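Novice: here is the input, now give the coordinates:
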Amino acid sequence: MQNIILEISKIFGTLMKICYAWIGNYGMTVVVFTIFTKVVLFPISLLTQKNSIKMAQMRPKLDEIKEKYIDDKDRYIDSQLELYKEMHYRPLLDLIPLMCQIIIVLGLVGTIYRPLSYILGVSIENINTLRQWIETLGVVCSDNSYQMEIVKQIQLTGENVPQISQECINNIQQFNLAFLGIDLSSIPSFNGDYNLLWIPFLSGVSAWLMCLIQNRTNVLQLYASKYNKIGMTLFMIAFSVYFSFLVPGGVGLYWICGNLFSIPVMYLVNWIIPPRKYIDMNYTKVIQKTQKEKERFYRKYARLERRDYKRFQAMKDKHLVFYSEGKGFLKYYEPMIDYIVDNSQYIIDYVTSDPEDSVFEKSDRIRKYYVAQDKYLIPLFMKLDCDICVMTMPDLEKYHIKRSKVRKDIEYIYVCHGVGSNALTLRKGALDYYDTVFCVGIDSVREIRQMEELYNTPKKILVETGYVLLDDMIESYQKRPHICNARRTILIAPSWQPHNIIDLCVEDILDQLKNTEYDVIVRPHPQQVRHEKERFDEMIVRYRDIDNITIQTDFSSNLTVMDADLLITDWSDISYEYAFTTLRPVLFIDTPMKIMNPEYDKIEQIPITISLRKIIGTCIACNEMENILEKITMMFDEEKNYSEVIRAARDEHVFNIGKSKILSGRYIIKSLQKKIQG
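Specialist: Sure, this is the predicted structure:
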């Protein structure tokens, strides 16, 4: 390695010698040399820009692959590499500028430490003679700095050196190692020349300026969060300052100029290859907006989170803990919580990752805590000390949420929050580390047992509770007054996944249904509206003059899913909740199925998500939209038959209609009693 650096130093020494002969000023030689390196490396900057743009173009697909194979690293890596190959993306290309910078700095350090050899061209014999001379003067110096010390001693004493020509002495005396009053041969410190402290100071300032511009112009920085940008900027400033205290001022000057000259290079690269021309800026805006919302949200509730986390850890005798990922999950717990509160003396500790969760308005028998899915949630679960923990979050122990390291006897209960197939819609092994599962129906039981047998995992306690939310929906639906719509109402409610109805065929559906006898409401998934607001704004404008079509994006209308006479969806679990509550049919669009577990078909049980599609409704392919009106008419004609078939399917596939909250609550109370008593 030392020989390589020596050869690099020779090359740079030759370049520095040419620059110095032309300019005659050492500091300006370093500046010109820096400009020269930027020009030479500019083609690499263009290649890096192209590579970064490819990465930005791949970002949506990479996010999709990551979600799809989050529990299968091998398949994730294979898919990632396949995408890289398809896009001609070279991951190592981004390292080339960094490697070049390291090579230049190492070579430059060698050049600056040896000005006699590389810049003034003094022969080796003369250099050895001069070294012996300064040793006779009592000057002690390292192997790195002796040449600079020779220059200083000759300029200081002005004496003739034996066996050295006067011409050589004159050249050395005329060689000025200072630049703007700063000695570029010395290393900055607080014990020497204080003028040298300008070098680390300006290194830090130049690093800050470079990062400031880079955060605004670099393609990949468009996806970085505010805190990542701040963190990287602080690191670069600290590194630049620290580095400047380790090397001679000449290297520090190169570093300062390198940072400053990087700024026009970034603008020039963006002008030649503009990122906006090649990448989806709408996706970028969504990512940035989401990051800003998260940062703003975190800042707003950071103090509350710290307080609640400490309060939760300080609370003694916790017996029953519920965890909610957000305010939308209370509906899966609320009926069983109400039963527990009404039929026992146990106090419930309810942890939610949403500070606006409506649980904060509930009974005093529930102790509420806000702990976000960030730094506090992981230690909260690892230090969890209770008898029972109830969650709707799958993948326990597989990722960031672990079982307690404090207590090994906690019973972890998983509450299914949908009628759909767990084997298909959850990742492989998603429930393996739960002790108990509250099962919606016979399909859940069969899937779990067959998965346990297939992978030889421990058997869980399967409680045939039924579906708390469905019972609640049926009860509310039966209590409310039902008004027949003057015109049949069709609700289009797609799932939120790649290639859903909105992505593939919503315009084809609306073209067939516009100006017909039906009122049509498009109610996209809130997350898709959030991520593609401009798209839905355009849809609203496109269909605003068509009387029977409404694009509903504000979700403030009183019209609920249950008011529709027919639901059109793809693979959303809303289909089963709608059909089993209203006993009305569903028209399924055969979009590509979202498969979270590619091994779902290794068991005998056919996923209910697939098996019930043609029982509670009918299906139509995306390329058959010209027949959709005929399908809808047929389904309305057979409405009564569908009602009977759907009721029978509900009774067959869902446990204990109307009793799930009692069975769920009763199981938890009895289990707590056993644990506490002993």
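Novice: where do the domain boundaries of this structure fall?
Specialist: Following automatic domain parsing, one gets these domains for the chain: 2-119+175-272, 318-467+661-677, 483-653.
Novice: which among the ones you listed is found nearest to Gly138?
Specialist: In terms of CB to CB, the element of the domains of the chain nearest to Gly138 is domain 2-119+175-272, at 19.3 Å. (Each C-beta comes from the backbone N, C-alpha and C, glycine too.)
Novice: quick one: mean pLDDT for that closest one?
Specialist: Summarised as a single mean, pLDDT over domain 2-119+175-272 is 80.
Novice: swap in stretch 306-322?
Specialist: Average pLDDT, stretch 306-322: 93.
Novice: for that stretch, which positions count as buried?
Specialist: Under the neighbour-count criterion of 16 or more other CB atoms under 10 Å, stretch 306-322 has 308-309, 312, 318-322 buried.
Novice: got the phi and psi for Lys594?
Specialist: The phi and psi values for Lys594, taken as degrees, to the nearest 10, are phi -80, psi 120.
Novice: quick check, pLDDT for it.
Specialist: 82.
Novice: show me the longest helix that occurs in this structure.
Specialist: Secondary structure of the chain per DSSP state H: the longest helix is helix 26-68.
Novice: other SSEs contacting that helix?
Specialist: Counting contacts by 3 or more CB pairs under 8 Å, 6 or more residues apart in numbering; DSSP states H and E, helix 26-68 packs against helix 2-23, helix 73-87, helix 96-113, strand 178-179, helix 249-272, helix 281-314.
Novice: JSON lines for the ones you listed, including distance to Asp472?
Specialist: Output for the helices and strands packed on helix 26-68, formatted as JSON lines (distance: least, CB to CB, whole Å):
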{"stretch": "helix 2-23", "distance to Asp472": "72"}
{"stretch": "helix 73-87", "distance to Asp472": "38"}
{"stretch": "helix 96-113", "distance to Asp472": "57"}
{"stretch": "strand 178-179", "distance to Asp472": "77"}
{"stretch": "helix 249-272", "distance to Asp472": "55"}
{"stretch": "helix 281-314", "distance to Asp472": "28"}
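Novice: looking at these, which is nearest to Tyr414?
Specialist: Ranking these by proximity to Tyr414 (CB to CB) places helix 281-314 first, at 21.3 Å.
Novice: start to end distance for stretch 449-463?
Specialist: Using CA to CA, to the nearest Å, the end-to-end distance of stretch 449-463 comes to 12 Å.
Novice: buried ones in it, by neighbour count?
Specialist: 451-452, 460, 462-463.
Novice: same thing with stretch 204-223?
Specialist: The neighbour-count check on stretch 204-223 (16+ other CB under 10 Å) flags 204-208, 210-211, 214-215, 218-219, 222 as buried.
Novice: do the same with stretch 27-46
Specialist: Buried residues in stretch 27-46, defined by neighbour count with 16+ other CB under 10 Å: 27, 29-34, 37-38, 41, 45.
Novice: now find how far off-centre the longest helix of the chain is within its chain.
Specialist: From the chain centre to the centre of helix 26-68 is a distance of 22 Å (CA atoms, centre = their mean, to the nearest Å).
Novice: repeat for stretch 13-32
Specialist: 47 Å.
Novice: contacts for that stretch next, please.
Specialist: Stretch 13-32 is contacted by residues 33, 36, 110-111, 114-115, 117-121, 175-180, 182, 184, 250, 253-254, 257 when judged by CB atoms under 8 Å, 6 or more residues apart in numbering.
Novice: just the buried residues of those.
Specialist: With burial judged by 16+ other CB under 10 Å, the buried subset of the contacts of stretch 13-32 is 33, 110-111, 114-115, 117-120, 175, 177, 179, 182, 184, 250, 253-254, 257.
Novice: which one among the buried residues of stretch 306-322 gets closest to Glu397?
Specialist: Closest approach between the buried residues of stretch 306-322 and Glu397, by CB to CB: Val321, at 16.4 Å.
Novice: ok so the closest one is a strand residue?
Specialist: Yes: note on Val321: a strand contains this position according to DSSP: H, G, I helix; E, B strand; the rest coil.
Novice: let's see which of the buried residues of stretch 449-463 end up in helices.
Specialist: Using DSSP H, the buried residues of stretch 449-463 in helices are 451-452.
Novice: I'd like the buried residues of stretch 449-463 as TSV, with pLDDT and distance to Met16 appended.
Specialist: Output for the buried residues of stretch 449-463, formatted as TSV (pLDDT from 0 to 100; distance: CB to CB, whole Å):
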residue	pLDDT	distance to Met16
Met451	95	69
Glu452	95	72
Lys460	96	72
Leu462	97	77
Val463	96	79
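Novice: could I get the buried residues of stretch 449-463 as CSV with distance to Asp651?
Specialist: Converted to CSV, the buried residues of stretch 449-463 look like this (distance: CB to CB, whole Å):
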residue, distance to Asp651
Met451, 25
Glu452, 26
Lys460, 25
Leu462, 19
Val463, 19
